[in-house]
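>>> no letters, just coordinates:
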């Protein structure tokens, strides 16, 4: 035989790895969940390589199976599609933000029956994402569940649309009402008093980690979901990975001591996934260049994403 | 005086360090516990330096005392002997496996009244170890308690005797009955659905970490021990260190988020040590070259080993 | 305009960062809390860069706000002053110890109405610090709450005034009675049996971490405070950061597996801050050169310090 | 004595360290050399922490003395003043660039008799800096000596004013004539063919590292200086630290194998310092967060700066 | 518009990056150079992750352009094809070696007019590779130029076909005559005396690094090529990356002080590329998991490969 | 057979590794070279783990063979004995220095026909070592060849006997005459002007690295040896590893850019070894905890030591 044996070539392996399951296709048909990414972190106040997380996140899929042993369910009947990255401008941050907003609007209208997940990038993208979703659903009220160590209500007049400002942008832009925002994970000494005052003045619900733990993470999430079910039409969940304790999230530049455990975040996200109105999620601020050698934080990020999908699948199965 | 003062020379220090207590001797007399090592990890599916763990484990003894403050007991009346390493072949993995099996058989028959502990190396050595023990005790039924994030029932026909296959090798080799295997620590998305199906088909008891936590780690272990006491003559405990959460076991290449805490493993191993039939243990898959600067994982490995000895000593003291 | 615009120059930023709040001044007027540092670690048995912690600690303030969200209190009405470093001798460890003792005495008498906090350096400085305080308050009985994985009662006759010996120095020097010492955090295999015997013989209260957890950290602290309130006039709290579990304190050379969580230490220190007689604290043995890239341990050290201040402020507010 | 001893306080140490010599003052009188910094790197094509170099550079002074042993000269009679940082906008890169340009113009006119040194930040700041200098000296022709592995003539129409574009911005902006640009240090495979074509078309002098080595680094610099002395009124030297070989500049994200040795750069900069018309220099693209544990790259950056000052001092001494 | 904009999708970028130029195709038509990889390092005597180099090598292409500035030539007219990886068995090293040998034979005969480059993996693969080439060219004599710090003539009877044995395997297998082997790069204390004696007894030409430097690297290579042109029909070049000095090759487990500089290796490989008979090359023993944060060694490996291609292109252009 | 097979036990391997050749014995008979160590670095001005170098140095032997390929000589006929460590006091630095001095005197008189090598520890030990040697040889004049980036003539009245002071201690103690001291390796900005003045005033020969390179390292060493042969009876060589460039000696806290290459140090030490009067050497200031992952600095330290032995062996062979 004069030809090379075909088993030398790269081929799409078959199997039950997450990387073999998620479809990478910008034009998927009837997906249950669509995924897209905004690799932007030059909008971060401090130096951040969170723009590299989308790639790290996708490469991280390889270490995960579609089977969730805790729940004994197989996720593979969920149709999950990765649309790819929104292309970022190299130096014009506002232009990058415009593109994210346009993309979010387009995704929300094109895939109006799907759950959407945006992978950051830093927290500045959340403001763009929610503005885009609102454009696609102009008559709906949007609520936010924010897992975060910070309020992210710093003043955009001072900083521009930086990663400390998205919640304030949305409130001041009239996109989301402060009383429809629930921040879970606040703790310690990481928010200036004037920002806390601002949050109070806007009616933001600040559920400290201590409070959440005392009443249980899952009951806390359920209570928040019940309240939002009353007051809004659509729930957006934003996961700033700095909500996690620094010992489990060394690769998130703003993570702190005293933060949420990974177990708590995993439980919370599964619960959120079961909520009908919680159609949108994002994961932000994970910088893979700061991660440990074992890539503990990136792996935690992938796990968190799969827990959300687990919740969705449990809802679909009527569990 | 024309001679050098003798206090310059290396001497065996006296004291209560673990390194001063464990006897390093291949021919010990009446040891309570014998220790030997199989520095093999070229059988690992992914690159692993677990072959370097035996050395790191022994060097790590220096930081530990023989006194367990939690239980207020002194381990030094236990006679623990380290027989050394089974010599590995440089490139012939099957030959290395043969030697480990022969060594395990020889140790089990030579020291039939002792507890034995095998330090790996990767998980492939567990199959060899249990086959060796069976040879030394041909008329006994052996059960397994497996602390592991994975089922390790991948197909040896495909991979050869790699570190993902030992449990399947033992089942298919007729050495251990699937229904006498208890896996504790399973969680998350780290086992392919077909492997779970295989485990179900073989009657392997899959106790997820969530379940174990809900009923308590110690009660879980007791329940498993009670069941095995009924069904087998001899219990082998295999500790794949990847059962630990990645934040406490960065030096185990396959550790994951959502895993067992060190506290849980320590409690479990003390409980196991108290069980009469649990004569054999191994610790595998810890790669010291991946550990943190503080060597947190190696230290956790030594602590885990001492917790097992604590259980044995508590049993001996009739506590 | 011929001059440079003034906004290029370094200026003291205004704001609510901890670095903007704590006064750096050796001659403060009516401070509530004074802080000083002893950058000495050549007295450590093993190589330690804990002498670099005071600088790292101060640089770490920048990431923290004066507002404690868990308690919803603003610390900024507390007047906290940093007096600077006690100058150390390059090679004469005893001279350095004399200077620390003199400084501690001077601080205790100059600021007799203030709380004092000494930042180490290694644990050898605690003996100097308490001797100095006793000199300033010669008619008072002093008790110690020691958060530590170790007893630190090694023999100074053998080692000199090294970091393993401070508690024994104080007992043998007649400065503190053994029965007025409470060690919280002991666990595992990190104290030689003869040291445990010494502690027993001196009446040191050894509260293992297991015991503290079983009865709750906060109730444990309260019980200890109650007991000391009866028996002494003044309580000194010494926090050897090696009390923390190695997974959260990689930057403490002697931290171990099985140690205290950061959450537990934070709760304990807030409780201690509320105690009227607990006027003095130190934090020792944190080596920033061993810390993780994310500086998790240094950040934990700053958080711990702020938790103590939180307790003080809660006491002042009568909460 | 009721007061604290004054030797505890922070005081400006006296001595011959570089940190004790350079004046930190935005309004210096008759400085020989002024230094200012532009901590901007969100304009970098790839993630960069070069914005943190100004701080690292200043902290690095502490390890250096004012005495140059190779030349046996003392630099302390040079009056060097550090004006501080140009304040950067958090998200508006163009605004940051405008500020750098304004600052450069102001510095060049305020200190028209001084040498100026700008510390980056990334290479995008060079375009701002030279435009500012031109504004301050509108009737002068400016030439550039560029130490760089790259041509930095990528298209700003595509990337905006990113760090790959400064030379092209200057040429297309009519600020500098391509034939007055000498790039020294080009080598290997790090410039696209179309960029080389552009450089050729603009008359940029590309002196490869191989060529420079064959004729000697110092003779090469002299030849370039002679040529520029003929054709321009003022020479700007820009040192992209990525010109250095990756083995000596691990902390420069774009450094490559086959680059300049530190010895060669040091020789070149001393020679440049001796040139009368070479009034301006910048150092860019050193990211201290990527540096080795020993901070080899930051130390090399400080050394390079001091070599330039050495050349200036040699010129002043008429050596 | 109801569809997603196509610029979100992944697309093959156009441009002059090496990753955009090399064709990834197991069935290329008329390639000038074919590349294939053998990701095997479990045959290494010490733990090695060199099996991960093929992937790291390919990902490293992105940082390199097709244009060689030193020679002012564009490589893009060379047709270079990457055939992919030879699939390795997980545990059967001999089977993996058989596959490499078969693949090398098949490549050599299928692409008999092409240069071939094999990317390792460890040095054990060189024996397989040369045996395969000999099978494809049974009537030709093969000579070897070996860049290596070691002789690699350890005894396969003892170690099996490990990475210390390939040259001896080839001599004892009658594949290559010792007198047709030229080792360049030997230095220091890294070969046992009995191995040197073996090399002498077989007529291996040992050209120490010192000797090569004294007569110049390029003249040395020419002399070797001239000699081999006389004595053999085909020259195989094997580059054990441990020939490089440890300061430039931290990511090669066996690199040593006193080794070759990167500049020397680059010059040597360009010279080798110009030699008509030197049709085959391999690069082995680079372990990307040990590399520096800046990936200095992987980048040096890619550069070295491109230098060889530069030589080929210079030969084709008749330069 | 009822016993364990003997091949499991630890045994002294036979072979040609340096670890198999050097005798570890405090009472050797007729050694050619004796080696002893002083694991002291708490005398260092900055934090240093150089006290851990003796252990790292000995463990590093394993990677080296007794055969020097550059010179084609086998070192194994040299009888080299390692006497072990001088026991250090934990906190009394002066006591440790007294022990080193006593040990050096004892070694020098006990092994008066041997070469001696002292492994540090930091540079403070050199003063002790030379004082000890002088005591053993009271009627001899001693000269020093110092490889160092620093003069090490800081004032012991200020610092005590710290690592910056040994040369001044020796001059002021009347042990060595300044004019018999040759410092090779000075360069850059690492010595305060007043220290240079002191050196000039004492007649210390300062041979900068630039000068040494211009006239060749080997000729420079020969010239120095010739001069010392005239003026003294005995030559002590002290190698402060910070003489090496920071890129090759990342594990030496005080190494700097612009330093000596490893090749230069290796050549110099071989030359020194050939000198009849140069009976004593030490290697100091290498801190293995700061070394790269590849342990490049420790390996360079072992290589340097073997180069000195090579010179001795060449002298013995009359080459």
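Right, received. Where do you want to start? Keep in mind it's a predicted model, so treat the numbers as computed, not measured.
>>> quick check: residue A:285 vs residue B:109, distance?
When distance is defined by C-beta to C-beta, to the nearest Å, residue A:285 is 58 Å away from residue B:109. Every C-beta, even on glycine, is put in place using the N, C-alpha and C of the backbone.
>>> stretch A:49-69 and chain E, any residue contact?
No. Stretch A:49-69 does not reach chain E (C-beta under 8 Å from any C-beta of the partner chain); its nearest approach is 10.2 Å.
>>> may I see the buried residues of that stretch?
Residues of stretch A:49-69 classed as buried by neighbour count (16 or more other C-beta atoms under 10 Å in any protein chain shown): A:49-54, A:56-58, A:60-61, A:63-69.
>>> same question for stretch A:152-162.
For stretch A:152-162, by 16+ other C-beta under 10 Å, it's A:152, A:153, A:154, A:155, A:156, A:159, A:160, A:161, A:162.
>>> wait, residue A:185 sits on residue A:148?
Yes. Judged on C-beta atoms under 8 Å, residue A:185 makes contact with residue A:148 at a distance of 5.6 Å.
>>> what's the overlap in contacts for those two?
Shared contacts of residue A:185 and residue A:148, defined by C-beta atoms under 8 Å, 6 or more residues apart in numbering or on different chains, are found at residue A:243.
>>> contact residues of the stretch 1-150 of chain A facing chain D?
A:41-43, A:45, A:47-49, A:51-52, A:89-94, A:124.
>>> out of those, which comes closest to residue C:218?
Nearest to residue C:218, judged by C-beta to C-beta, of the residues of the stretch 1-150 of chain A next to chain D is residue A:45 at 35.8 Å.
>>> doesn't the closest one fall inside a helix?
No. The assignment for residue A:45 is coil, going by DSSP: H, G, I helix; E, B strand; the rest coil, so no helix is present there.
>>> what's it in contact with, if anything?
Counting by C-beta under 8 Å, 6+ apart, residue A:45 touches A:159, A:162, A:163, A:164, D:90.
>>> tell me the pLDDT at the residue lying closest to the fourth one once chain neighbours are set aside?
Spelled out, it's residue A:164. Excluding the flanking residues, the one nearest residue A:164 by C-beta to C-beta, 6 or more residues apart in numbering or on different chains is residue A:154, at 3.8 Å. We have a pLDDT of 97 for residue A:154.
>>> just say helix, strand or coil for residue A:154.
coil.
>>> what is the burial count for residue A:71?
Neighbour count of residue A:71, defined by other C-beta atoms under 10 Å in any protein chain shown: 18.
>>> surely it and residue A:310 touch.
Yes. Between residue A:71 and residue A:310 there is a contact at 6.0 Å, judged by C-beta under 8 Å.
>>> just checking, residue A:75 touches residue A:66?
Yes. Residue A:75 is within contact range of residue A:66, at 4.7 Å (criterion: C-beta under 8 Å).
>>> okay, and the common contacts of these two?
residue A:21.
>>> in what helix or strand does residue A:171 lie?
Counting by DSSP states H and E, the element that carries residue A:171 is helix A:166-172.
>>> same for that helix, what does it pack against?
helix A:124-136, strand A:142-147, helix A:156-159 (3 or more C-beta pairs under 8 Å, 6 or more residues apart in numbering or on different chains; DSSP states H and E).
>>> got the contact list for the shortest one?
What it means is helix A:156-159. By C-beta under 8 Å, 6+ apart, helix A:156-159 touches A:45, A:162, A:165, A:168, A:169, A:172, D:90, D:91.
>>> returning to that earlier point: which ones among the residues of the stretch 1-150 of chain A next to chain D are found in helices?
A:93, A:94, A:124 (DSSP state H).
>>> which ones are touching the second one?
Contacts for residue A:94 (C-beta under 8 Å, 6+ apart) come out as A:161, D:91, D:92.
>>> ok, it to residue D:93 distance?
According to C-beta to C-beta, residue A:94 stands 10 Å off from residue D:93.
>>> ok, residue A:214 - how many residues close by?
When neighbours are defined as other C-beta under 10 Å, residue A:214 has 9 of them.
>>> backbone torsions only: list them for it.
Reported as degrees, to the nearest 10, the phi and psi values for residue A:214 are phi -60, psi -40.
>>> residue A:149 too?
Dihedral pair for residue A:149: phi -80, psi -20, per degrees, to the nearest 10.
>>> I'd guessed it sits against residue A:256; true?
Yes. Here residue A:149 reaches residue A:256: they are 5.5 Å apart, a contact under C-beta under 8 Å.
>>> and the two? which has more neighbours close in?
It is residue A:149, of residue A:149 and residue A:256, that has more neighbours when counted by other C-beta under 10 Å, with 29 against 26.
>>> what ranges do the helices span in the stretch 201-319 of chain A?
Secondary structure of the stretch 201-319 of chain A by DSSP state H, counting those that start in this stretch: the helices cover A:209-215, A:217-231, A:262-273, A:296-316.
>>> contacts only, for the closest residue to residue A:176 other than its chain neighbours.
In space, and not counting its chain neighbours, residue A:176 is closest to residue A:170: 4.4 Å by C-beta to C-beta, 6+ apart. By C-beta under 8 Å, 6+ apart, the contact set of residue A:170 is A:127, A:130, A:131, A:144, A:176.
>>> how about the residues of chain A by chain B?
Residues of chain A found near chain B (C-beta under 8 Å from any C-beta) are A:15-18, A:63-70, A:72, A:74, A:76, A:247-248, A:262-263, A:266, A:292-294, A:296, A:299-300, A:303, A:306.
>>> which of these fall in strands?
Per DSSP state E, strands hold the following members of those: A:67, A:68, A:74.
>>> so the second one touches residue A:311, yeah?
The reference is to residue A:68. No. Using C-beta under 8 Å, residue A:68 is not in contact with residue A:311; the gap is 10.4 Å.
>>> low-confidence stretches in chain A?
A:1-14, A:319 (pLDDT under 70).
>>> looking at it, what residue ends up closest to chain F?
When scored by C-beta to the nearest C-beta, chain A has residue A:293 as its residue closest to chain F, at 10.0 Å.
>>> tell me which residues touch that residue, please.
Counting by C-beta under 8 Å, 6+ apart, residue A:293 has contacts B:250, B:290, B:292.
>>> what do you get for residue A:129?
By C-beta under 8 Å, 6+ apart, residue A:129 lies in contact with A:38, A:100, A:101, A:104, A:118, A:236, A:280, A:282.
>>> returning to what we had before: can you list the helices of the stretch 201-319 of chain A in TSV and add distance to residue C:195?
Formatted as TSV, the helices of the stretch 201-319 of chain A follow (distance: least, C-beta to C-beta, whole Å):
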stretch	distance to residue C:195
helix A:209-215	37
helix A:217-231	41
helix A:262-273	36
helix A:296-316	35
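>>> nearest to chain E, of those?
Closest approach to chain E among the helices of the stretch 201-319 of chain A is made by helix A:296-316 (16.0 Å; C-beta to the nearest C-beta).
>>> save the contacts of helix A:156-159 as CSV, and put in distance to residue F:24 too.
What follows is these, written out as CSV (distance: C-beta to C-beta, whole Å):
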residue, distance to residue F:24
A:45, 57
A:162, 62
A:165, 65
A:168, 69
A:169, 70
A:172, 74
D:90, 61
D:91, 64
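>>> tell me the buried residues within those.
Neighbour counting over the contacts of helix A:156-159 (16+ other C-beta under 10 Å) leaves A:45, A:162, A:165, A:168, A:169, D:90, D:91 as the buried ones.
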